[in-house]
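K.L.:
Structure for this input, please:
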Amino acid sequence: SDHAGTGSGNYEAGAPGYAQTPPSGYEIVASNVVSVEAARYYLRGRGYSILEQCPREFYGDFSSLLDIVCRALSQAFAESRPSAVVLGGECVLGLPATSGLGGRNQHLAAALALRMRGRDGFACICAGSDGIDGNSRAAGAIIDGQSARRAERAGHPLQRALAGFDTATAFESSGDAVLCGPTGTNVGDLLVAVVSPG
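P.N.:
Sure thing, here's the model as predicted:
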């Protein structure tokens with residue numbers, strides 16, 4: 001039946017009855033904000049200080065996101081206690097006409113791994129909640145201060161992987177890829193970085 005205008009089924013924002021469950025039976029139970037807050041809650045419970053200066057959500061170009069995360073990590077390394085950076089959203093990564101395998105999460109992880117090369121007490125996951133990053137079979141990557149070295153030893157230096165947009169090949173060869181398969185849900189990407197003072 002048509003309920004429009006009766007207040008019992010009009011689901012336009014601000015309309016009477018808007019907060020009711022739509023007749024389709026679907027209900028939003030998670031979002032990127034919820035995943036970010038859950039990660040922050042989990043880390044606080046384990047003694048990590050959450051860096052509040054970093055935005056919780058990011059939607060914009062790749063270079064801006066990389067700069068934001070690197071600034072936050074610089075601050076985390078200056079802290080006297082274990083710190084964490086938690087960020088959700090989806091950045092825009094322009095692709096060349098031809099590229100290898102990978103996606104924005106693995107591209108970000110590779111760029112961060114190069115910047116954090118040799119740093120102790122650092123780990124970071126960049127992953128898509130749907131279990132698929134770009135055209136690869138990985139959701140993303142988990143990196144630390146030795147990731148760049150592992151990729152080089154495996155014959156896939158991260159500089160070359162970034163230039164060829166082939167970060168999935170590098171991370172699978174180094175053992176840093178997150179391979180979980182499709183999750184059946186998608187609430188965006190998540191970056192969680194932890195830093196423990198040495």
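K.L.:
This protein: strands as residue ranges?
P.N.:
Here the chain has its strands, by DSSP state E, at 49-50, 57-61, 83-92, 122-128, 140-144, 177-178, 189-195.
K.L.:
how big is the angle separating the second one from strand 189-195?
P.N.:
It refers to strand 57-61. 110 degrees (axes from the mean of the first three to the mean of the last three Cα atoms, to 10 degrees).
K.L.:
pLDDT of strand 57-61, averaged?
P.N.:
Strand 57-61 shows a mean pLDDT of 85.
K.L.:
Okay, buried residues for that strand please.
P.N.:
By neighbour count with 16 or more other Cβ atoms under 10 Å, strand 57-61 contains the buried residues Phe58. From N, CA and C alone the C-beta is placed, and that goes for glycine too.
K.L.:
Kindly export that strand (C-alpha atoms) in PDB.
P.N.:
Below are the C-alpha coordinates for strand 57-61, written out as PDB (Å, rounded to 0.1, in the frame of the first residue of the first chain):
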ATOM      1  CA  GLU A  57      37.200  10.200   8.300                       C
ATOM      2  CA  PHE A  58      38.900  11.100   5.000                       C
ATOM      3  CA  TYR A  59      37.600  11.500   1.500                       C
ATOM      4  CA  GLY A  60      40.000  13.200  -0.900                       C
ATOM      5  CA  ASP A  61      43.100  12.700  -2.900                       C
END
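K.L.:
For the nearest residue to Gly188 once chain neighbours are set aside, the count of nearby residues, please.
P.N.:
Leaving out its chain neighbours, the residue that sits closest to Gly188 by Cβ to Cβ, 6 or more residues apart in numbering is Asn32, at 3.7 Å. As a burial measure, Asn32 scores 21 neighbours (other Cβ atoms under 10 Å).
K.L.:
check contacts around Asn32.
P.N.:
By Cβ atoms under 8 Å, 6 or more residues apart in numbering, the contact list for Asn32 reads 57, 88-89, 129, 187-190.
K.L.:
do that again at 6 Å, thanks
P.N.:
Asn32 makes contact with 88, 187-188, according to Cβ atoms under 6 Å, 6 or more residues apart in numbering.
K.L.:
Next one: it relative to Leu158, how far apart?
P.N.:
As defined by Cβ to Cβ, to the nearest Å, Asn32 lies at a distance of 27 Å from Leu158.
K.L.:
Bridged to Ile50, which residues?
P.N.:
Ile50 has these beta-bridge partners by DSSP bridges: Ala84.
K.L.:
Confirm for me that it is in contact with Val85.
P.N.:
No. With contact defined as Cβ atoms under 6 Å, Ile50 does not count as touching Val85 (8.0 Å).
K.L.:
And the two? Which one has more around it.
P.N.:
Neighbours per residue (other Cβ under 10 Å) separate Ile50 from Val85, with Val85 holding more: 24 against 15.
K.L.:
what distance separates the longest helix anywhere in the chain from the centre of its chain?
P.N.:
Ordering each helix of the chain by length in residues (DSSP state H) puts helix 62-78 first. On the basis of Cα atoms, centre = their mean, to the nearest Å, helix 62-78 is displaced by 14 Å from the centre of the chain it belongs to.
K.L.:
Lovely, talk soon.
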